[in-house]
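*Asks:* Dropping a prediction and its sequence here:
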Amino acid sequence: MPWPEFVVRQFKLVNQFTTDESEYYGPFNTLLTTVFPPHDNYQVSPKNKRITGSIDSSVIYIVMKRKVPILFVEIKTYQAFDRASLRKEADEQIRDRFLDFTGNVAIPTLYGISAFGTRFSVYEYTSETRSLTPYRIPPHPLILTDTAPQERWNYDVMESEGEARFMEIVTEIKKMAADLNPNCCTFSFNGYDRHCVLLPLAGAMAAAGLRRGGSIGRYCASTYSSPSFCASP
């Protein structure tokens, strides 16, 4: 199914040769709020993150359901796509984002999207195995290595194949999000907002019906529904 005309129009208004990535923020925000509407308890939240080793910062869009992160998107300009060093930087940045989120994943698979203009690459983090694909390409000690080849960004969100892939991801995410326990709490110890009231570790583990999640600071209550433990849905 083609994107709504108002989504397509916003992307068409962006100059493909712009060097200002913020010109893509509006179109992607519109796209994300269209496929993850707020009336279904989704929230699209921009976060400003400082780039390691730089005075610059970048914006990532985090899609959440009841304050649980389920997708994030990082955007660069299409002009940067031809520069291997900037693709390498984008690849490293999105992997760092996954590191930030690993203590805050409440679904089996967390997707991240790296976009250069309308071209995008899909990253998948599997909670059970802690594996991230596509796998990192290690640099050769003697030979220059393209650690983030162009073919990795093999979809275009404005083309039918790219739209189909994007919606495939959206459908999979919604299936996982539908299984989220509304009493599930996720905390973050890496700078992101805490989503629920933090209980002492021993007390939390002793709470009736409480089981420990896959990482420190995340607990899901199967039957425990006190508002003092989890924020209201």
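*Replies:* Nice, thanks for sending it over.

*Asks:* And what about the residue nearest to residue 131 when sequence neighbours are not counted, helix, strand or coil?
*Replies:* Leaving aside its sequence neighbours, residue 131 sits nearest to residue 125 (Cβ to Cβ, 6 or more residues apart in numbering; 7.4 Å). Any C-beta I mention is one placed from the backbone N, CA and C, and that applies to glycine too. Following DSSP: H, G, I helix; E, B strand; the rest coil, we place residue 125 in the strand state.

*Asks:* how does this protein divide into domains?
*Replies:* Domains of the chain are assigned by automatic domain parsing as 5-178, 184-221.

*Asks:* looking at those domains, which has the lowest confidence?
*Replies:* Per-stretch mean pLDDT for those is lowest at domain 184-221 (a mean of 40).

*Asks:* How about the contacts made by residue 35?
*Replies:* Applying Cβ atoms under 8 Å, 6 or more residues apart in numbering, we find residue 35 in contact with 166, 167, 170.

*Asks:* Centre of the chain to stretch 64-82, how far?
*Replies:* Distance of stretch 64-82 from its chain centroid, counting by Cα atoms, centre = their mean, to the nearest Å, is 6 Å.

*Asks:* now swap in stretch 148-159 and tell me
*Replies:* The answer for stretch 148-159 is 17 Å, by Cα atoms, centre = their mean.

*Asks:* can you list contacts of that stretch?
*Replies:* By Cβ under 8 Å, 6+ apart, stretch 148-159 touches 3, 8, 11, 31, 81-82, 84, 87-88, 90-91, 114-116, 118-122, 134, 137, 161-163, 165-166.

*Asks:* name the element residue 110 belongs to?
*Replies:* strand 109-116 (DSSP states H and E).

*Asks:* Note down every partner strand of that strand and its orientation.
*Replies:* Strand 109-116 has the following strand partners under DSSP bridges: strand 68-76 (parallel), strand 119-126 (antiparallel).

*Asks:* Indicate which one of these is closest to residue 104.
*Replies:* Among the strands paired with strand 109-116, strand 68-76 comes nearest to residue 104, with 6.0 Å by Cβ to Cβ.

*Asks:* so residue 124 makes contact with residue 111?
*Replies:* Yes. Under the criterion of Cβ atoms under 8 Å, residue 124 makes contact with residue 111 at 5.9 Å.

*Asks:* who has more neighbours, the two?
*Replies:* The residue with more neighbours, out of residue 124 and residue 111, is residue 111; 19 against 15, by other Cβ atoms under 10 Å.

*Asks:* Now do the strands in the chain.
*Replies:* For the chain, the strands defined by DSSP state E cover 42-50, 57-65, 68-76, 109-116, 119-126, 131-133, 155-156, 184-186, 210-212, 218-221.

*Asks:* can you put those strands in JSON lines and add distance to residue 95?
*Replies:* As requested, the strands of the chain are exported to JSON lines (distance: least, Cβ to Cβ, whole Å):
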{"stretch": "strand 42-50", "distance to residue 95": "13"}
{"stretch": "strand 57-65", "distance to residue 95": "13"}
{"stretch": "strand 68-76", "distance to residue 95": "11"}
{"stretch": "strand 109-116", "distance to residue 95": "9"}
{"stretch": "strand 119-126", "distance to residue 95": "8"}
{"stretch": "strand 131-133", "distance to residue 95": "7"}
{"stretch": "strand 155-156", "distance to residue 95": "19"}
{"stretch": "strand 184-186", "distance to residue 95": "21"}
{"stretch": "strand 210-212", "distance to residue 95": "26"}
{"stretch": "strand 218-221", "distance to residue 95": "21"}
